[in-house]
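Novice: have a look at this prediction, sequence included:
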Amino acid sequence: MTIGKGLRGVAVALTGALALTACGGGDDAASGPATLRMTIWSANEAHLKLFTEIADEYTRNNPDVASITFDPLPFENYTTTLTTQIAGGNAPDLAWVFENSAPDFVSSGALLPLDDALRTTEGYGYDDLSPATLRLWQHDGKLYGYPFSTSPFGVFVNTDLLTQAKQQTPAELIAAGRWTWENALAAAGATKQATGKAGLVIRDFDYKGWDNLSTFWTGWGARAWSEDGRTCGFAAPEMVDAMSTLHRAIFTQQALPGPGTTADFFAGDAAMTVTQISRASLLKEDGFEWDLVPLPAGPKGTYSVIGQGGIGVLKRSPHAEAATDFLAFLTNPTNSAKLAQFFPPPRQSLLTAETLAATNPQLTPEQLQTVVIDGITNGVVKPSHTGQAELSQQVRAGLDPLWRPEADVPGVLGQLCATIQPLLTK
Amino acid sequence: MSQTDTGVGRVDHRPAPGRAHPGPAAAGPPPYWTSRRRDQLTGYLFIAPQMVGSAVFVILPLILVVWYSLHEWNVLAGTFEFVGTDNYAALAEDTSLPSVLTATGLFSVGLVAFNLGLALLLAVLLNQRLRGTTLFRTLFFSPVVVSLVAWTIVWGFLLQDDGGINGLLDTVGVAGPNWLRGEGTAMVSVIVVQVFKNVGLNMVLFLAALQGVPAELYEAAEVDGASRARQFWRITVPLISPTILLTSIITVVGSLQVFAQIAVLTQGGPGTSTTVLVYYLYQQAFQFHHFGYGATLSIVLFAIVLGLTVLQWQMRKRWVHHES
């Protein structure tokens, strides 16, 4: 009978363990102080330190919130990881949302409207928010995401490389009124010939992230799709002109690294790179001499392009009210001023060269005015559309035939429009 | 350990409970916990962890996938609506699906042919009694234990236009193609990277099978004047045919499940030339948020894997030695 008793014991233990496991997943969210989690794309130590300092100050004054954690997700798969967490029942309380997925998040009902809470927060100054920066995050007159970072694109320049290649620097070209894409590409091509290093890199494009090319084609007045999002713009004459210029720059002038070739500007591998000013943190103090200038003028004149990141409160968060309250604290005038060193805010009162200079010691007042303030005020937001992920994949696949030396540019772009037009009108 | 020690497998000669047992000794009902029942319980407890794992991580997800395929699940909106067979009807209207199935077929055929051919060649070469064969066996097997993603990332660098492969070709005066950017070369590259990763496993299985072929058969064949090639096709291949069947089933199933290599090396491009079925269903479910349609595609994948495995199993009678 010893064996029988032993077996019974094992059976009881197994049953108990299973029962405990089954019960262990319960959510104790309803009782006790709240624990908030916010997903962000950046794992940068300085970014996280500032976020944590602001969160600590909030929890000290709000005993109903026990802790706030910031959960960095890899930039490349950020939105996929976030939606997988939501699908798996592990949605964060607050989430950073990129501009390219903003239409999906804002119109789906996944986020809580924020207007009322922000307006009624004492000292918030809701009317200080620039209306142009809010547009992407509104739906049916309600604000579903706070445009936390409105970061213009500019051109970082490795002046050492350009000087070595005996080329005029962008600053000199600007002074001479000749800072155009034509001259920028010529200098980039010449630098490649003279030094063997890459000329100009459109960062995060890498022949996949095509939406970054809007920093180029906007100079020709081209658009990926019409303002209402229902008509493809890739086959329009101005887009064909822009892409033909880009194609020549890649395969004839060799001003940009070709497909399958990588060059990191911040490691000193390229003369110029088009990217957002928040990347200034990648510059090394003892590295090369650098400059930051606005995007070159295109045939349609000067222009700016901005990338945006918003923060929203997930509707299914068990602590949605506390999360909204924390968001109001995180983005109040005081904290916005602190965060402005990394994330240009939508607050008009903070968009002055003096204010931004206090927290951006790397940039001169002139750079802040011409690239940041003018960029935010006049900038065109990178392309975004409902169903962006599927659309983006189709555009990426449709543009692939363009990245060959012998490509028929108008033919490829015409075919691309034929492919994506049904998705635009879906 | 003897059967008497544990009771496992012991034959119970006592009457089963409930059976009539006349006589003055039948006082009261027989005990419930007979030796047979204890043995059964022991057996069930031993397999319980595996059964629970299979139920929770295999059978339940399979049922859920079928359930999801009958729904439209909008993760962001939090809606989950029954749509019947709409997702299955959408398969017929999906204009991307033919190219996806073509890419899947090309990948599988290329991988299976190259993998099995190379594994068998390596096994035959390394089955010789020569110095250094152990070193080469270790070399060819070592990629099997390397992290798949790390392996693929390193190959990604090597296959760049200005990467190591083209650098090597350049030293002998050959201008290599842009491997991952050409539609044909991208598919070949993904197949080669995957074959080099796993060929060692099949090679070891073939080696074990080759060492089980009796040497006297080759001696007899040699006496009869059979050439080496004839010995290979008439003796080696028939006698290792059960292993060829096993490796072909494993490789076919594995080839249909390729994902990480595509995600790291090509993201399905250029165009859609390397968008295989698993990568496509990942895109539909996790990038485009069409979870219902993604589940339907996974049912299609399941049906293809099941169909091919059953076909291979049925065909074994025609070519696998000793199969009846």
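Specialist: Thanks, I have it. Numbers count the residues shown, from 1 in each chain, chains lettered A, B, ... in the order given.
Novice: other residues contacting stretch A:358-371?
Specialist: Residues from elsewhere that reach stretch A:358-371 (C-beta atoms under 8 Å, 6 or more residues apart in numbering or on different chains): A:152, A:154, A:277, A:280, A:283, A:291-294, A:337-338, A:340-341, A:353-354, A:356-357, A:372. In short, each C-beta sits where N, CA and C put it, glycine included.
Novice: kindly recompute the last result at 6 Å.
Specialist: Applying C-beta atoms under 6 Å, 6 or more residues apart in numbering or on different chains, the contact partners of stretch A:358-371 are A:P152, A:G154, A:A280, A:L292, A:P294, A:A340, A:Q341, A:A353, A:L356, A:A357.
Novice: between those, which is closest to A:S384?
Specialist: Nearest to A:S384 out of the contacts of stretch A:358-371 is A:P152 (C-beta to C-beta; 16.3 Å).
Novice: skipping its backbone neighbours, what lies nearest the closest one in space?
Specialist: A:G375 (2.7 Å; C-beta to C-beta, 6 or more residues apart in numbering or on different chains).
Novice: domain-wise, how is chain A divided?
Specialist: Annotated domains of chain A cover A:34-151+A:307-380, A:152-305+A:382-424 [automatic domain parsing].
Novice: need the max-distance pair from the contacts of stretch A:358-371.
Specialist: Farthest pair in the contacts of stretch A:358-371, by C-beta to C-beta: A:P294 and A:Q341, 20.2 Å.
Novice: A:L50 and A:A340: what is the separation?
Specialist: Distance from A:L50 to A:A340, counting by C-beta to C-beta, to the nearest Å: 11 Å.
Novice: interface residues of the stretch 1-150 of chain B facing chain A?
Specialist: Contact residues, the stretch 1-150 of chain B versus chain A (C-beta under 6 Å from any C-beta of the partner chain): B:W33, B:R38, B:L41, B:V75, B:L76, B:A77.
Novice: below-threshold pLDDT in the stretch 301-426 of chain A: ranges please.
Specialist: Scanning the stretch 301-426 of chain A for pLDDT under 70 picks out the ranges A:359-362.
Novice: tell me which parts of the stretch 301-426 of chain A are close to chain B?
Specialist: A:A389, A:E390, A:A397, A:D400.
Novice: count of residues packed around the second one?
Specialist: A:E390: 19 surrounding residues under other C-beta atoms under 10 Å in any protein chain shown.
Novice: isn't it up against B:F288?
Specialist: Yes: with contact defined as C-beta atoms under 6 Å, A:E390 reaches B:F288; the gap is 4.3 Å.
Novice: follow-up on the earlier one: who wins for neighbours among the residues of the stretch 301-426 of chain A next to chain B?
Specialist: That'd be A:D400 among these, by other C-beta under 10 Å, with 24 neighbours.
Novice: residues touching that one, list them.
Specialist: Going by C-beta under 6 Å, 6+ apart, A:D400 touches B:G269, B:P270, B:G271.
Novice: from B:R181, how far out is A:T273?
Specialist: With C-beta to C-beta as the criterion, A:T273 and B:R181 are 21 Å apart.
Novice: find the helix or strand that whatever residue of the stretch 201-350 of chain A ends up closest to chain B is a member of.
Specialist: The minimum distance from the stretch 201-350 of chain A to chain B, using C-beta to the nearest C-beta, falls at A:G260 (3.6 Å). Applying DSSP states H and E as the criterion places A:G260 outside every helix and strand.
Novice: not counting sequence-adjacent ones, nearest residue to it?
Specialist: B:D161 (3.6 Å).
Novice: who's in contact with the one you found?
Specialist: A:G260, A:T261, B:N178.
Novice: give me the pLDDT for it.
Specialist: pLDDT recorded at B:D161 is 89.
Novice: mind checking the SS state of it?
Specialist: Counting by DSSP: H, G, I helix; E, B strand; the rest coil, the backbone at B:D161 sits in coil.
Novice: quick check: what element follows the lowest-mean-pLDDT helix or strand in chain A along the chain?
Specialist: One helix or strand of chain A scores below all others by mean pLDDT, DSSP states H and E: helix A:2-24, with a mean of 42. As assigned by DSSP H and E, the chain's next helix or strand after helix A:2-24 is strand A:34-40.
Novice: what strands line up against that following strand, and which way round?
Specialist: When pairing is defined by DSSP bridges, strand A:34-40 lines up against strand A:65-72 (parallel), strand A:94-98 (parallel).
Novice: okay, the ones you listed in CSV with mean pLDDT next?
Specialist: Listed next are these as CSV, based on pLDDT from 0 to 100:
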stretch, mean pLDDT
strand A:65-72, 95
strand A:94-98, 95
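Novice: got the ones you listed as TSV, with mean neighbour count and distance to A:L82 columns?
Specialist: Formatted as TSV, the strands paired with strand A:34-40 follow (neighbours: other C-beta atoms under 10 Å in any protein chain shown; distance: least, C-beta to C-beta, whole Å):
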stretch	mean neighbour count	distance to A:L82
strand A:65-72	17	10
strand A:94-98	26	6
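Novice: where does the prediction get shaky in chain B?
Specialist: Looking along chain B with the criterion set at pLDDT under 70, you get B:1-27, B:322-324.
Novice: let me see the domain layout of it.
Specialist: B:34-66, B:95-319.
Novice: with that, I have no additional questions.
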